[in-house]
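Engineer: could you look at this predicted model? Sequence included:
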Amino acid sequence: DSGVTQTPKHLITATGQRVTLRCSPRSGDLSVYWYQQSLDQGLQFLIQYYNGEERAKGNILERFSAQQFPDLHSELNLSSLELGDSALYFCASSPSAWSSGANVLTFGAGSRLTVL
Amino acid sequence: DAKTTQPTSMDCAEGRAANLPCNHSTISGNEYVYWYRQIHSQGPQYIIHGLKNNETNEMASLIITEDRKSSTLILPHATLRDTAVYYCIVRTSSNTGKLIFGQGTTLQVKP
């Protein structure tokens, strides 16, 4: 158990639908990161939040949005789902926002999304 | 972020040391080298990181060349459970903590 909790573990839905993935960071960590891993794309960075504020943005589609709440948990919202959104979605957390050596990312077990 | 080059795949015999190379010839002086691994569809797992000096922890050793243009991750006694994709990442010094993953090396430990 890494200390980063992601729910749900598995999710099956239909095209056009909307889903929400949830992430609880490790105790004491203030940054949350979202990654997408599909078969043909590898691990892609989507977005980072630090203490409730957006910190960095990667290749996140406009149909996707995220937020980090005051209790530091984060949610990734995926809307107007397409077949190509089927993937593993990982959340990671770290103590701070920056790229210092001590700021190690700890990953959760992931949420597997299947869009039919 | 500095680009890294890793072999696509490697084999290792169980019980032997696994040496995974990584080239990062464009690395800057303040950029760290991180190693993560991913065991079949599980979340990536942190292994070790370093800046200039060699590092060792309970999982592995990291050897960084003096010019910092390459590094080697050493798993001293590989087991079947070490079969995974290993990612070498150079993290740019910036105000974000994101890590950018490449394709990694698939290590197959064989009995």
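Structural biologist: Here it is on my side, so go on. Remember, it's a predicted structure, so these values are computed and weren't measured experimentally. Numbers count the residues shown, from 1 in each chain, chains lettered A, B, ... in the order given.
Engineer: need the residues of chain B near chain A, please.
Structural biologist: Neighbours of chain A within chain B, by CB under 8 Å from any CB of the partner chain: B:32, B:34, B:38, B:41-46, B:49, B:51, B:87, B:91-103. (Each C-beta comes from the backbone N, C-alpha and C, glycine too.)
Engineer: not counting its neighbours along the chain, what's nearest the residue of chain B most remote from its centre?
Structural biologist: What lies farthest from the middle of chain B is B:Asn95; by CA atoms, centre = their mean that is 23.0 Å. Excluding the flanking residues, the one nearest B:Asn95 by CB to CB, 6 or more residues apart in numbering or on different chains is A:Trp98, at 5.8 Å.
Engineer: please apply the same query to A:Gln17.
Structural biologist: A:Leu81 is the one closest to A:Gln17 (CB to CB, 6+ apart), at 5.2 Å.
Engineer: also A:Ser2?
Structural biologist: Spatial nearest neighbour of A:Ser2, excluding adjacent residues (CB to CB, 6+ apart): A:Thr106 at 5.1 Å.
Engineer: which residues touch the one you found?
Structural biologist: Listed by CB atoms under 8 Å, 6 or more residues apart in numbering or on different chains, the contact set of A:Thr106 reads A:2-4, A:26, A:29, A:92-94, B:46.
Engineer: over to B:Pro76?
Structural biologist: Taking CB under 8 Å, 6+ apart, we find B:Pro76 in contact with B:17, B:60-61.
Engineer: give me that answer again for 10 Å
Structural biologist: Neighbour list for B:Pro76: B:15-19, B:56, B:59-61 [criterion: CB atoms under 10 Å, 6 or more residues apart in numbering or on different chains].
Engineer: next up, the contacts around the spatially most central residue of chain A.
Structural biologist: Of all residues in chain A, the one closest to the mean position by CA atoms, centre = their mean is A:Trp34, 2.8 Å from it. Counting by CB under 10 Å, 6+ apart, A:Trp34 touches A:21, A:23, A:44-49, A:58, A:60, A:64, A:66, A:74-76, A:89-92.
Engineer: now those: which count as buried?
Structural biologist: Using 16 or more other CB atoms under 10 Å in any protein chain shown as the burial test, the contacts of A:Trp34 include A:21, A:23, A:44-49, A:58, A:60, A:64, A:66, A:74-76, A:89-92 as buried.
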